[in-house]
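1. Mind looking at a prediction? Sequence and model below.
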Amino acid sequence: MELKDYQKIKDEMIEADRKRDSYFKAYEDIAHLKDNMPEDWIELGWIHWINSTDPYDALETGVRILSTVDPKVTFQPMASDLSTRERANMIEKVLKWNFDCANSRREETIQGDMMRSALLYRAIVAQVIDLDWQIQALEFIGANTKRWKAMRRYGRFVVNTYNPRDVHVRRSGIMPECVLLAQKKSAKAVVDEWGKYCNKDLKKMAEDNITVTYFDLMDYENHVNWIEPSDFGGSTIQIIPKSDWEHGLSFLPWTTIMGGTTLEQEEEHKYKPMFYGINLSGQWKTQNMAQSLWVSDVLARASYPRYAEEGVNEAQNTEIDYTAPDRIAKVPMGNVLKALPPEQGDPALKEVNDFIASQVDKATLSRILIGGNIPSGMAFSSLNLMTQNALGVVKPAIRLTERAVAEVMKLFMLWSEQSGISLNGYGKNKKRDIGQEYIIESNTIDPQALYLEVEMMPDQPTDRQSRINAAAIMVQAFDISKESALEMVGISDPLSLMEARYMEKMVENRIQTIMDTERMRSQMQVQMEAQAITMQMQQSATQQMQPGTGVNPQGGALPPQMGAQGEMNRENVTGQSFTGEELATMNEVLG
């Protein structure tokens, strides 16, 4: 195929999306608050035109919901053994690391841009560039890679998100077959991207700061790009020579997630983003008119007369001293000054304005999420229920963003498999694996088995509590594994968390064992000391009860009976004589 053949394909793809793009442009005008006063109103002179910011506020609130939420990556292992599950967890960490690196080179996060695109167009388009592959290819042909290596310092991959109005996709019933980027950009940007391929004419345009229309078309065989002549009056400039058209990739490095329905016959009605209803019905235009009339009416009545002066003295008027705090009015003799009631704005205009505003609110995003219309004294449970219902409006956009992020991460792995350069990442958890390197060898990646899911739910404390309760019940009632329960709660790496907890329990058990051992030793020491004291006291008492050496017959002394000098003989002890007669006491003998 020649360049003219690809230009013909380009024209067909742009024409097929013309009505779609007109609707996309209308959604952008609403988001950018572009609406003009009707021409016949301008002549009235008293109307102050106001564009309602309600759609803009709804869009920005929806973007904020996901712009800072970290994606929870789940890579489906192909077996249930522990080593396969551990490898799946490692892959998840590597993909998350590279995604974070790709975010570090951007002003807005990838997920933030994707969420905005999902809300505004119900479509997400992104291109993934592997800098390692680009550097390898340029070094092979001897080109200068200094700029590419400078880009590499921010990470291996570049993720460019595009306005879906600038991207056209030709699809079969199975998959995207061809992707066309048609974009207004500066010639300098084109030269910066394709430096070695740019001729002197294009470089001269870059020096003159000329804006051009850039076309980049890619299918499964060729990659062709060029500049159309309409912007500068010259001929078409082809950038990549035909000899280099064949890219050799087995995939398209594009993520083209379109959330439209196939039930609609007309292309412009297949996409139903947030502003679809208010644009098609004209509600936003009506809201601007009602709000402008109501505010203008109030402003016009602001200069109504406060007083009416009546009387026969027409030669003099009442003088009011506005410099004094009490504002004394000097009424001429014969006149009377009457205060007039303030004029009220047209209640019908206010009612219409409130009604249209509520309709726009219902069609876009509830004010509960934006931060308004919360009744005083509302119970927390009621507010939580209303918040959950309001979040339901953005769930389709969240699901679309999750799919797009998952596709981007799949492209990381496809690039690694294609280039033969392994994919690496590092642990970021300060308690478990910070600084640890993880490597996915390129030859272990199976392009046919990349089953990857991403979850990006807003961090609502009540949601988290509900998940924890449900997971606890599942573990107790249905005996599911703790690993599955942790995944339900939202833990991205349950195995590492469980390993860390097991290690903590082992350390706690070891410390407890040491403490128990020391406690037992202390108790035994106290008991032994107490027993020693008791034994010493018993020995001392025994020694006091034993006779001394002077009355010990074994030591050569007299028996105790004899040592008592007769006081301890048989007769004295029993009180009887040898023959059994009672002995007289000493008093009786002396008596």
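-> Good, I have the coordinates.
2. all strands of the stretch 101-250 of the chain, in order?
-> Under the criterion DSSP state E, counting those that start in this stretch, the stretch 101-250 of the chain carries strands at the ranges 123-130, 157-162, 167-171, 176-186, 211-219, 223-227, 237-238.
3. any chance of these in a markdown table, plus mean neighbour count, distance to Y6 and mean pLDDT?
-> Every C-beta, even on glycine, is put in place using the N, C-alpha and C of the backbone. Below are the strands of the stretch 101-250 of the chain laid out as a markdown table (neighbours: other CB atoms under 10 Å; distance: least, CB to CB, whole Å; pLDDT from 0 to 100):
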| stretch | mean neighbour count | distance to Y6 | mean pLDDT |
| --- | --- | --- | --- |
| strand 123-130 | 23 | 18 | 95 |
| strand 157-162 | 20 | 19 | 95 |
| strand 167-171 | 18 | 12 | 93 |
| strand 176-186 | 17 | 9 | 93 |
| strand 211-219 | 20 | 5 | 93 |
| strand 223-227 | 21 | 5 | 93 |
| strand 237-238 | 18 | 10 | 90 |
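4. Need the three-state assignment for the spatially closest residue to Y304 that is not a sequence neighbour.
-> Of all residues not flanking Y304 in the chain, E343 sits nearest, at 4.5 Å (CB to CB, 6 or more residues apart in numbering). Secondary structure assignment for E343 (DSSP: H, G, I helix; E, B strand; the rest coil): coil.
5. And E343, how close does it get to S303?
-> 10 Å (CB to CB, to the nearest Å).
6. So the two - more neighbours on which side?
-> E343 (13 against 8; other CB atoms under 10 Å).
7. residue ranges with poor pLDDT in the stretch 451-591 of the chain?
-> Scanning the stretch 451-591 of the chain for pLDDT under 70 picks out the ranges 458-471, 474-475, 478-479, 483-493, 495-497, 499, 544-591.
8. The stretch 1-150 of the chain now?
-> 141.
9. all helices for it, in order.
-> In the stretch 1-150 of the chain, the helices defined using DSSP state H, counting those that start in this stretch lie at 3-16, 18-31, 39-42, 54-67, 82-104, 110-121, 131-140, 146-152.
10. follow-up on the earlier one: and the strands of the stretch 101-250 of the chain as CSV, adding distance to V360?
-> Conversion of the strands of the stretch 101-250 of the chain to CSV gives the following (distance: least, CB to CB, whole Å):
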stretch, distance to V360
strand 123-130, 23
strand 157-162, 27
strand 167-171, 29
strand 176-186, 31
strand 211-219, 36
strand 223-227, 42
strand 237-238, 46
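11. mind checking which of these is nearest A363?
-> When the strands of the stretch 101-250 of the chain are compared by CB to CB, strand 123-130 sits nearest A363, at 19.3 Å.
12. phi, psi of the closest residue to K285 other than its chain neighbours?
-> Spatial nearest neighbour of K285, excluding adjacent residues (CB to CB, 6+ apart): D35 at 6.3 Å. Note on D35: its backbone torsions stand at phi -150, psi 140 [degrees, to the nearest 10].
13. ok, now Q265?
-> Per degrees, to the nearest 10, the backbone of Q265 is at phi -80, psi -40.
14. ok so, going back, tell me the most buried of the helices of the stretch 1-150 of the chain?
-> helix 110-121 (a mean of 26; mean count of other CB atoms under 10 Å).
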